[in-house]
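Q: the following block contains a protein sequence and its predicted model.
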Amino acid sequence: MPGCPEHGEFRAPGERLGGFDGPGSYRWMCLEHVRAFNAGYNFFAGMTPEEIVEAQGPYGGCERETRAFSATGADAPPKWSDLF
Ligand SMILES: [Zn+2]
């Protein structure tokens, strides 16, 4: 997965499923992500790598609220782009 530091040791179905065109493509994920993948099939489909990183961060889904709070003088949130 984009932004994930773990080794991809588990195979999951890729963008292309098996069919008339031959065997499907596969992608390799770490245990955490293959679990998430199995729990919500194609959860990350259509998301940009940046959106995926945000969704995986502690502020996932709350970025707008965090920015709103920071405007009141609280500490600025970490720059996730510096961490990944
Ligand atoms: Zn992972």
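A: Cool, the structure landed.

Q: how near is residue 5 to the ion?
A: 8 Å (CB to the ion, to the nearest Å). From N, CA and C alone the C-beta is placed, and that goes for glycine too.

Q: same thing with residue 53?
A: Distance of residue 53 to the ion, computed by CB to the ion: 11 Å.

Q: can you give me the strands for this protein?
A: Taking DSSP state E to define them, one finds strands in the chain at 10-13, 26-29.

Q: and the last one, which strands flank it?
A: Right, strand 26-29. Using DSSP bridges, strand 26-29 pairs in its sheet with strand 10-13 (antiparallel).

Q: what is the neighbour count of residue 50?
A: Burial of residue 50 is recorded as 13 neighbouring residues (other CB atoms under 10 Å).

Q: what does residue 22 give?
A: Number of residues near residue 22 (other CB under 10 Å) recorded here: 8.

Q: adjust the sequence numbering to begin at 24 for everything that follows.
A: Taking 24 as the first residue, the last one we looked at is residue 45.

Q: tell me who's in contact with residue 34.
A: Residues near residue 34 by CB atoms under 8 Å, 6 or more residues apart in numbering: 49, 50, 51.

Q: filter those by proximity to the ion?
A: Among the contacts of residue 34, no residue lies close to the ion (CB under 5 Å from the ion).

Q: flag the least confident of those residues.
A: Across the contacts of residue 34, the bottom pLDDT score, 80, is held by residue 49.

Q: flag every residue of the protein that's near the ion.
A: Within the chain, the positions near the ion by CB under 5 Å from the ion are 24, 27, 29, 53, 56.

Q: partners of residue 51 in the sheet?
A: Under DSSP bridges, the beta-bridge partners of residue 51 are residue 34.

Q: right, and it touches residue 29 too?
A: No: checked against CB atoms under 8 Å, the pair residue 51 and residue 29 is beyond contact range at 10.4 Å.

Q: these two: which has the busier surroundings?
A: Neighbour count, other CB under 10 Å: between residue 51 and residue 29, residue 51 has more, with 14 against 11.
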